[in-house]
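> please work out how this folds:
(one chain, ligands or ions: 2)
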Amino acid sequence: MEPSADTRFEVTDPATGAVVGTAPDHGPDAALKAVAEAHDAFAAWSATPPRHRSEVLSAAHRGMIAAKDRLAALIVSENGKSRADAEAEVGYAAEFFRWYAEEAVRIPGSFGTAPAGGVHNIVTRAPVGVAALVTPWNFPAAMATRKIAPALAAGCTAVLKPAAETPLTALAIGEILLEAGVPEGAVHVVPTTSAAPVVSAWLSDPRVRKLSFTGSTGVGRTLLSQCADRVLNTSMELGGNAPFVVAEDADVDAAVQGAMVAKFRNSGQACTAANRFYVHRRVADTFVERFGKAVEALKVGHGDQGAQIGPVISAGAADGIRSLVEDAVAGGARVAHHATVPSELPRSFVAPTVLTGVSHDAAIVREEIFGPVAPVLVWEDEDELIEQANATEYGLAAYVYAGSADAAMRIGGRLEAGMVGINRGLVSDPSAPFGGVKQSGLGREGAELGLEEYLEPTYFSVAHT
Ligand SMILES: NC(=O)c1ccc[n+]([C@@H]2O[C@H](COP(=O)([O-])OP(=O)(O)OC[C@H]3O[C@@H](n4cnc5c(N)ncnc54)[C@H](O)[C@@H]3O)[C@@H](O)[C@H]2O)c1
Ligand SMILES: O=C[C@H](O)CS(=O)(=O)O
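Ligands and ions are numbered 1, 2, ... in the order given. Next up, the predicted model:
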């Protein structure tokens, strides 16, 4: 499953910089060899009975659950997240194998008669071919399985380039797939420190028929323009800037509980993370006080030592987050609450923080923070709220807490987002279509729609008398 590479690169713990493992460093030649093998494997895999693919995916689900402790430890070591977050990620990631084991036997098709008669329309779905999959470091298991599972269910084969920060989890998943019965060559995990040349080589190769990318909007734009040359089938899961709205009739304690999940899961490094909190003036003081108390109680430390908040991915990323806070404070914001970062911890740890009095045009409101900082803004007029919440190029997730279902659905329906959490701070679910509008992406992952991303319809026009 892993093509040979002459050189290896070191993978480090984001907290300490200690080397936690090494991965093969593939260049474009090795990456194209992986494509050749995936292409060779395609004819046989795409012709397997759906029930067989389903059973292999079920075995992959069981394999991941059996390896839960080992995978969680690997994720903590290379990503830094808390052990609890890592275990939750393994469960979530494995669930994509179970969901698509169940979908593999339900590839859709249809039969109809043309209105004028004399012609039957038969629509079938065929796997698109070899899929190139590119994933980020923030959820090293789930972002891989969210692509691999529907690709295999559809009958595609795949080459996967994980982020250079977190290749070890993807390599371990590759081994689990082999043990589950995925044929040699059908899924290649291709770590590299040369992302651009490797991915460009794939996108230029006619044997590659699909790109599914998860990462930043900036890199997504670059890859989309490369895909234009070959009019390549693409799925894009990109950045976000989720508003979290608290209405005047919301249950404030429930809103605080949801806010803790929406903001602090994975230390704020989720594309779905609440980036801006819009709280109605009538409940703003109560919300900030209770939210602040919960934030102050967060335990910051190493992921494998019982902490709730681990480091962010690098010291550079942490500095960037702190600069956003400083910029907001220079613009009039106030650090209302923060957790304590033990003094012995290195620079990659950022204090979970609640900011109040933040200006609507502050960089921290406009940019994806990707860290444990919560800017709170106060609203009174619903039309102004909607205008401010939608004033972003992103449209991935949004959250609304409101007492009346009517208000929640009305506000939620006016937000430009692909996913809206109503009275809950988590929208990620393998059985639901994950994805964004505007510059947060194209296409969906999870649910039935996630399978469609790896299928192409063929329509047969059949004459009959
Ligand atoms: N919408 C989603 O489902 C989703 C999920 C997770 C993360 N994200 C987004 O991902 C970003 C954080 O992840 P990141 O920092 O790893 O993103 P990134 O865009 O820097 O990297 C993502 C992947 O692309 C590769 N890459 C980087 N530059 C490339 C290039 N020029 N050509 C080809 N490949 C390249 C990286 O090696 C990595 O594998 C955030 O913006 C976050 O919102 C989105
Ligand atoms: O970073 C965003 C990912 O999609 C992770 S999750 O699906 O929200 O867990």
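> list the contacts for T113?
T113 sits next to 119-121 when contact means CB atoms under 8 Å, 6 or more residues apart in numbering. For glycine as for every other residue, the C-beta is placed from the backbone atoms N, C-alpha and C.
> make CSV from the residues you listed and add neighbour count, pLDDT and distance to T356 to it.
Compiled in CSV, the contacts of T113 are given as follows (neighbours: other CB atoms under 10 Å; pLDDT from 0 to 100; distance: CB to CB, whole Å):
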residue, neighbour count, pLDDT, distance to T356
V119, 14, 97, 66
H120, 14, 97, 65
N121, 13, 97, 60
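> from these, which land in strands?
119-121 (DSSP state E).
> for those, which one is nearest ligand 1?
Distance ranking of these against ligand 1, using CB to the nearest ligand atom, places N121 first at 34.8 Å.
> contacting residues around the residue of the stretch 201-350 of the chain found nearest ligand 2?
In the stretch 201-350 of the chain, the residue that lies nearest ligand 2 is C271 (3.5 Å; CB to the nearest ligand atom). The contact partners of C271, by CB under 8 Å, 6+ apart, come to 138, 214, 237-240, 368, 396-397, 440.
> go again with 6 Å.
240, 396 (CB atoms under 6 Å, 6 or more residues apart in numbering).
> again with N138
Contacts of N138 (CB under 6 Å, 6+ apart): Q269.
> distance of it from ligand 1?
Counting by CB to the nearest ligand atom, to the nearest Å, the separation of N138 from ligand 1 is 5 Å.
> which phi and psi values does that residue adopt?
phi -70, psi -30 (degrees, to the nearest 10).
> quick one: mean pLDDT for whichever helix or strand S323 is part of?
Applying DSSP states H and E as the criterion places S323 in helix 315-330. Mean pLDDT, computed over helix 315-330, is 98.
> mind listing what's buried in it?
315, 317-318, 320-322, 324-325, 328-329 (16 or more other CB atoms under 10 Å).
> the contacts of T113 also near ligand 2: which ones?
Residues shared between the contacts of T113 and the neighbourhood of ligand 2: none [CB under 6 Å from any ligand atom].
> nearest to ligand 2 among those?
Using CB to the nearest ligand atom, the contacts of T113 come closest to ligand 2 at N121, 36.7 Å.
> how close does the closest residue to the closest one other than its chain neighbours sit to R125?
Distances taken as CB to CB, 6 or more residues apart in numbering place G112 nearest to N121, at 4.5 Å, with adjacent residues excluded. Distance of G112 to R125, computed by CB to CB, to the nearest Å: 15 Å.
> just D361 next, same as before
47 Å.
> the two - which one has more neighbours?
R125 (18 against 10; other CB atoms under 10 Å).
> that one - nearest residue in space that isn't next to it in sequence?
L455 (4.1 Å).
> for ligand 2, give me its nearest residue in the stretch 1-150 of the chain.
For the stretch 1-150 of the chain, CB to the nearest ligand atom, closest residue to ligand 2: F139, 4.4 Å.
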